[in-house]
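*Asks:* Got a predicted model here, sequence first, then my questions.
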Amino acid sequence: MHEFDALRKRLQRKKGRAFWRSLEELAESEAFQDFLKHEFPRQFFPWEASLDRRRFLKLAGASLALAGLTACTPQSARKVVPYVKQPPEILTGEARFYATVFTHGGFAEGLLAKSLEGRPIKLEGNPEHPTSLGATSAFAQASLLTLYDPERSQEVRHRGRPSTWEDFEAYLARVLAAQEAQGGRGLRILTETVTSPTLAATLRQVLERFPEARWYAYEPVNHDNLYAGARLAFGEEVWPVYRVREARVIVSLDADLLYAFPGSVRYAREFADGRRVRAGTHEMNRLYVVESGLTLTGAAADHRLALRPSQVQAFALELARALGVVEGGPFLLEHAGWAEKVALDLAEHRGQGLVIAGPHQPPLVHALAHAINAAMGNAGRTVVYLEPIEANPRPQQAGLEALAREMAEGQVEALFILGGNPAYTAPADLGFAEHLKRVPFSVHLGVYQDETAALCRWHLPEAHYLEAWGDARAHDGTVSIIQPLIEPLYGGRSALELAAALAGEAREGYDLVRAYWQAAFTEGGGGNFEAFWRQALHDGVVPGTAGRPRPVALRSDWAPRAWPQPEVGEGLEVLFQPDPTVWDGRYAANAWLQELPKPITKLTWDNAVLISPKTAERVGVAEAVRRAWARDDTRMPLVRLTLSGRHLEAPVFVVPGLPDDTVTVHLGYGRTRAGVGSNAGFNAYALRTSASPWFASGAELVPAKGTYTLATTQNHHSMEGRDLIRAEPLEAFVAGRVGEESPIPEASLYPEFEYEGYAWAMTIDLTTCIGCNACVAACQAENNIPVVGKPEVLRGREMHWIRIDRYFEGALETPRVYHQPVPCMHCERAPCEPVCPVGATLHDSEGLNVMVYNRCIGTRYCSNNCPYKVRRFNFFDYANRFLAPEGEVTPLTLLMNPEVTVRSRGVMEKCTYCTQRINAARIAAKKEGRRIQDGEVVPACQAACPTQAIVFGDLNDPQSRVRALKEQPHHYTFLSELNTQPRTTYLARIQNPNPALGMGEEVEG
């Protein structure tokens, strides 16, 4: 019998609801049980030889004598040098905040950058920005590390050798003069997605100077299918903006709306706003997800249907047929009843429904989504259409193909690559890297000396967005000014400045941006431009720039004459997805993101071939996986994936909930020039072709020789099957059947301490938490949490102060997914405190369980006694190893938050509720002679959370949000039977299943 058959039977035998974190936990192998006996995974090492009594006493005596030295790392001397002349706007030790913008895929995410004495040290969301609404993504949080990364490009290079900007400018002048003489016939520009009005205008000036030149834009994760679907449905290119807050029924057709869309931070907030249940709530929105991978949007769904990529179009057709939008069919051989019930729900919520198609799906699926929204009265209500946000919305895939063809034919004499890494990300069949080598004059502008830089004649260091002026549009068209906070550390220049040089205007970024907006302001009617400019910089948005909804109408002939017939696919299908942490590879050099556990697989520092349990059985790797579990081994078997004659060897990773006969691979790994991310994982682009950029059929997957070690945190800090997750349907909540099943008396042998001042506490709403990791990244940035590297992660020594546990419930093929953030609980009766022999962890007068780092001698008794497993120990000097490897002096020291102590070897650490922020608010309140107001103290995790799932405040304030939440009927305490009285508590996850489908009736095809 296959191991997976045994797991299925074990699940069937379980009584009641069973939550499990991994297949290894579900298997309950002897090796896994032995693994759980040790409080520190991978940290226990048995004696290699027998130990007699005499040697034991000798070692014990030595350990006592040296105990006080464990945490005594020598601290090097530093000089504090005052300002010669104090700038009037800078007060030493007091931070200032500046509005700026982070761009991801070209689209803006508004930020407030915290600057202390001239250096940015933390990024927060801009509440005035339409995308961020005061929150951030994990990508934005981690972008600060890139600024100070010592492996950034630091110099101009010509043919691989150091050069100067002056040399490049002299060479450039000769090349441009030659091109100008022939109208720019041999000049090509390749950019990433551009939404910047100033950069777009400058590039148009370049094309005016060189009429025969061409500008292409390319990103591997693009919106070609979206625009093609709009052309098919409406006859024109339009950009959809979703009003998720207005939708009661949402249908996602392979669309990861909550994480991987432009504007996903806002969409996640609006989605959560429709699901916050409080006493008296009787309704919430409902989410259906049809997808091929397992995404965060799928994990948040009330109903999820796992289909092969090629079947999503058939489902969309079946849904449209059930709604009367198209005729013919049936289009779906299976699950037609599922589609009919979804259609009925949409029809009952006419004008309050929303159908969204993802970028992986072909144009027809997008057109069907538009047609359904129009037929159901959703257009103009839950979805509006704008002019394209991108400055160059022409098909990016076709543009890159044209550029590759022109390079191959020798038509390209001068190529300027402004950002991006096309030598790595281009489809494998284009041969882009080989053609690039033949271009006589090629220039790459980039933050890193990556694979493309190595092939170009010239490489120029690009300025980080916190070092350069610019502008960019949000998902709704709103423009923000990119405002720098620091001089370029390595003399880099922006894409805007290089484009201006091509246009013959060698000016600084500030002058270019200001001149563009001054001209636009004058055209708009004039007035006080200086006031307008200062207000735009202050607020972080340019007023009046949001896109205006425009009316659209379906073409009468939008539907094809003959609908595609249902396909019964042969062989395996391969699905390409951007990686949840390194995206398309652009963040591969970012150590924070590399070590951030992926939300579903919990992999770090690697990717893998993801398949379902049944697929593992069919391809013959189930037994090898079972043997790895039996050994409690992280070495997974290698497989050979073949697609269209191209081969790739990679480790396999079994994930419940994936459709059978589907292989999911994440882009972004297998880089060769990515700093800390070099040679990590495998390169999925080697299989990706221009004909099938998102999914392809006819793949072959067979076992290969050998194994590969994967670092996954899914079994670290395991809670061993305890009752931790509470999840119930809305019907049970309305009926009052959700909450603490049997309140446990809070008995104690000691007198209660009266918290007369503040009593800090936190609640986490599992209904709105989507597991996006923004809180984890924000905590790392705020609290100087070090990176430990893959070998240490394998030993269970990752240092994140907040972890997000991912749980499955239900059958292997159709599990429901839950996310639970777990920081320190700050127990009023903390088990960690009485066991510390030196009083390094103790309670303060406001209920915080605090750490006194210079007392800690590293016994780890506190960690042994913590039932929540939230303490982290510095086995090595991780912080200094990360900051200055091998004694080097690096810019990473500028990254550290001076308000938080940098811990050294032998010291225990954990979540502090961002005590430095509490103290800052206390000082401000004391100056004004008042109490700290509710909402004045916002920990880093709460500030970053897109869905506002985390709420922090004072329990002694009867008007505080946190106190009100702790009185909600679905509030519960983590391991309440231990009577630790934690200050961090939870709100149970409430779901809204369709009664016609049952509770979470996810199915798989």
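*Replies:* Everything's here; your move. All values reported here derive from a predicted model rather than from experimental measurement.
*Asks:* chain center to stretch 936-943: distance?
*Replies:* A distance of 19 Å separates the centroid of the chain from that of stretch 936-943, by C-alpha atoms, centre = their mean, to the nearest Å.
*Asks:* my bad, should have said stretch 645-653
*Replies:* Taking C-alpha atoms, centre = their mean, one finds stretch 645-653 lying 25 Å from the centre of the chain it belongs to.
*Asks:* got the buried residues for it?
*Replies:* 648, 650, 651, 652, 653 (16 or more other C-beta atoms under 10 Å). The way it works is simple: take the backbone N, C-alpha and C, and place the C-beta from them, glycine included.
*Asks:* Same question for stretch 911-925.
*Replies:* Those would be 911, 912, 913, 914, 915, 916, 917, 918, 920, 921, 922, for stretch 911-925 by 16+ other C-beta under 10 Å.
*Asks:* and that stretch, what's its mean pLDDT?
*Replies:* For stretch 911-925, the mean per-residue pLDDT is 95.
*Asks:* Could you export that stretch as CSV, CA atoms only?
*Replies:* Output of stretch 911-925 as CSV, limited to C-alpha atoms (Å, rounded to 0.1, in the frame of the first residue of the first chain):
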residue,chain,number,x,y,z
CYS,A,911,9.0,39.6,20.3
THR,A,912,8.9,42.6,22.5
TYR,A,913,5.6,44.2,21.3
CYS,A,914,8.0,46.8,19.8
THR,A,915,8.7,48.2,23.2
GLN,A,916,10.7,51.0,21.6
ARG,A,917,7.5,52.3,20.0
ILE,A,918,5.7,52.1,23.3
ASN,A,919,8.5,54.2,24.9
ALA,A,920,8.4,56.7,22.1
ALA,A,921,4.6,57.2,22.5
ARG,A,922,5.1,57.4,26.3
ILE,A,923,7.6,60.2,25.9
ALA,A,924,5.3,62.1,23.5
ALA,A,925,2.3,61.7,25.9
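*Asks:* residues in contact with that stretch?
*Replies:* By C-beta atoms under 8 Å, 6 or more residues apart in numbering, the list of residues contacting stretch 911-925 from outside reads 760, 762, 779, 782-783, 801-802, 823-824, 826, 846, 848, 850-851, 870, 897, 899-900, 931-933, 936-940, 952.
*Asks:* ok, now with 7 Å
*Replies:* 760, 782, 801-802, 823-824, 826, 848, 850-851, 870, 899-900, 931-932, 936-940 (C-beta atoms under 7 Å, 6 or more residues apart in numbering).
*Asks:* and residue 611, how many neighbours does it have?
*Replies:* 28 (other C-beta atoms under 10 Å).
*Asks:* Kindly apply the preceding question to residue 91 instead.
*Replies:* 11.
*Asks:* So it versus residue 735, what's the distance?
*Replies:* As for residue 91, its distance to residue 735 is 57 Å (criterion: C-beta to C-beta, to the nearest Å).
*Asks:* Could you look up the SS state of residue 124?
*Replies:* strand (DSSP: H, G, I helix; E, B strand; the rest coil).
*Asks:* which one's the longest strand in this structure?
*Replies:* strand 695-709 (DSSP state E).
*Asks:* For the next helix or strand after it, give me every contacting residue.
*Replies:* Per DSSP states H and E, the first helix or strand lying C-terminal to strand 695-709 is strand 711-712. Outside strand 711-712, the residues within contact range by C-beta under 7 Å, 6+ apart are 601, 602, 603, 604, 605, 606, 634, 790, 793, 794.
*Asks:* what pairs with strand 711-712, and is each one parallel or antiparallel?
*Replies:* strand 603-604 (antiparallel) (DSSP bridges).
*Asks:* Show residues contacting the partner strand.
*Replies:* 594, 595, 597, 710, 711, 712, 713, 790, 793.
*Asks:* Residue 702: which of the contacts of strand 711-712 is nearest?
*Replies:* Taking C-beta to C-beta as the measure, residue 702 sits nearest to residue 606 out of the contacts of strand 711-712, at 20.8 Å.
*Asks:* Check the residue lying closest to the closest one once chain neighbours are set aside and give its pLDDT.
*Replies:* For residue 606, ignoring the flanking residues on the chain, the nearest one in space by C-beta to C-beta, 6 or more residues apart in numbering is residue 681 at 4.5 Å. Here the pLDDT value assigned to residue 681 is 93.
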